[in-house]
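Peer 1: Kindly generate the corresponding structure for this input.
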Amino acid sequence: VQQVTLEANVDLPNFTVSIDDATDPVTAGETATVNYTVENTGNASDTQDITFSVNNTAVDNESLSLDPGQSDSGTFTYNTAEGDSPALEFAIASDQETATRTVTVQEPAFVDVAINETLTDDAAAQNDSVTVAADLENTGDVTATQDIVLDLGDTTNATSQSVTLNGSETDTVELTAAVPSDTPLGDTTATVRSDDANNSTTVDVRENAPFFNVSITDAPSDVTEGDDVTVTYDVENTGDVNDTQSIAFTVNGTQEETTNLTVANGSTETDSFTYSTGGDDVPGIDVGVASEDTTDTASVTVNEAAS
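Peer 2: Numbers count the residues shown, from 1 in each chain. Below you'll find the model as predicted:
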């Protein structure tokens, strides 16, 4: 008995699927768009459900009819949410084929705020200024540009500074604002805030601003050219607030040297400057010591050196 095999030509559809584009990366909370194309490469017309899945879970579908050689394009969207990071797998499937695309899901920007007590003034005076510092951290993956705002007591937005932070970046800002003359004495709340978070501290508001009173306590009345002139001075802070000021030393009105001096409220600090005289200083020099508030001067006779 002879066996004969008959091959039948069966017309079948074949819907191939390709993902043309997808939002990548996408920030959690935003909508991701997936563009796709389906082509019937078979030799029979068909109608099929094109299914859109996210992490192996079907979330949408579209019925599509294609003749042989015909193609069509479409779009699916997906609303991402917190918890979708770090990635999602999108899949688009026909009855014959599945195309996949993995997209990165970034955490949205979040600028956290922590008061930097070391750099923050613990006290300030009415009608003066106060500096409040804050450490910032963008705990998200996306770059953030935000205004960092200082609220002082009843004064909203006493000052602000625009800051740009990349994902996971940190920075420290120092915000300096005027203290209104009608600010109540005692503890006043200072709050630093971003668009996402805030943190507060207290500032002791006092009545009198720092005032550095300078007095020269010792300087030679006369020297010989070539000698050093050492000028000793006191700086008394007669205000109610600690401060740091630049103290300048001048000779004949020309600034020779500066130093930063910190003086607590009600306290006095002593320091000195030294100047080396020369032939141009004969017959004498005027020396001065100045803070931001006061100046004191003294005259020194400079004698010619013996020949």
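Peer 1: for the stretch 1-150 of the chain, what are the low-confidence residue spans?
Peer 2: Low-confidence segments of the stretch 1-150 of the chain (pLDDT under 70): 1-9.
Peer 1: what about the strands in it?
Peer 2: Assigned by DSSP state E, counting those that start in this stretch, the strands in the stretch 1-150 of the chain fall at 15-22, 26-27, 31-40, 46-54, 57-66, 71-79, 87-93, 98-106, 111-115, 123-125, 129-138, 144-152.
Peer 1: In JSON lines: those, plus mean neighbour count and distance to residue 176.
Peer 2: In this view, the C-beta of every residue, glycine as well, is placed from N, C-alpha and C. Formatted as JSON lines, these follow (neighbours: other Cβ atoms under 10 Å; distance: least, Cβ to Cβ, whole Å):
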{"stretch": "strand 15-22", "mean neighbour count": "16", "distance to residue 176": "47"}
{"stretch": "strand 26-27", "mean neighbour count": "20", "distance to residue 176": "34"}
{"stretch": "strand 31-40", "mean neighbour count": "19", "distance to residue 176": "42"}
{"stretch": "strand 46-54", "mean neighbour count": "17", "distance to residue 176": "49"}
{"stretch": "strand 57-66", "mean neighbour count": "14", "distance to residue 176": "52"}
{"stretch": "strand 71-79", "mean neighbour count": "15", "distance to residue 176": "43"}
{"stretch": "strand 87-93", "mean neighbour count": "19", "distance to residue 176": "44"}
{"stretch": "strand 98-106", "mean neighbour count": "16", "distance to residue 176": "34"}
{"stretch": "strand 111-115", "mean neighbour count": "18", "distance to residue 176": "15"}
{"stretch": "strand 123-125", "mean neighbour count": "22", "distance to residue 176": "10"}
{"stretch": "strand 129-138", "mean neighbour count": "21", "distance to residue 176": "5"}
{"stretch": "strand 144-152", "mean neighbour count": "19", "distance to residue 176": "8"}
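Peer 1: With distance to residue 211 added, can I get those in JSON lines?
Peer 2: Converted to JSON lines, the strands of the stretch 1-150 of the chain look like this (distance: least, Cβ to Cβ, whole Å):
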{"stretch": "strand 15-22", "distance to residue 211": "66"}
{"stretch": "strand 26-27", "distance to residue 211": "52"}
{"stretch": "strand 31-40", "distance to residue 211": "60"}
{"stretch": "strand 46-54", "distance to residue 211": "68"}
{"stretch": "strand 57-66", "distance to residue 211": "70"}
{"stretch": "strand 71-79", "distance to residue 211": "61"}
{"stretch": "strand 87-93", "distance to residue 211": "61"}
{"stretch": "strand 98-106", "distance to residue 211": "53"}
{"stretch": "strand 111-115", "distance to residue 211": "28"}
{"stretch": "strand 123-125", "distance to residue 211": "10"}
{"stretch": "strand 129-138", "distance to residue 211": "14"}
{"stretch": "strand 144-152", "distance to residue 211": "22"}
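Peer 1: Which of the ones you listed sits closest to residue 172?
Peer 2: Of all those, strand 129-138 sits nearest to residue 172, with 5.2 Å by Cβ to Cβ.
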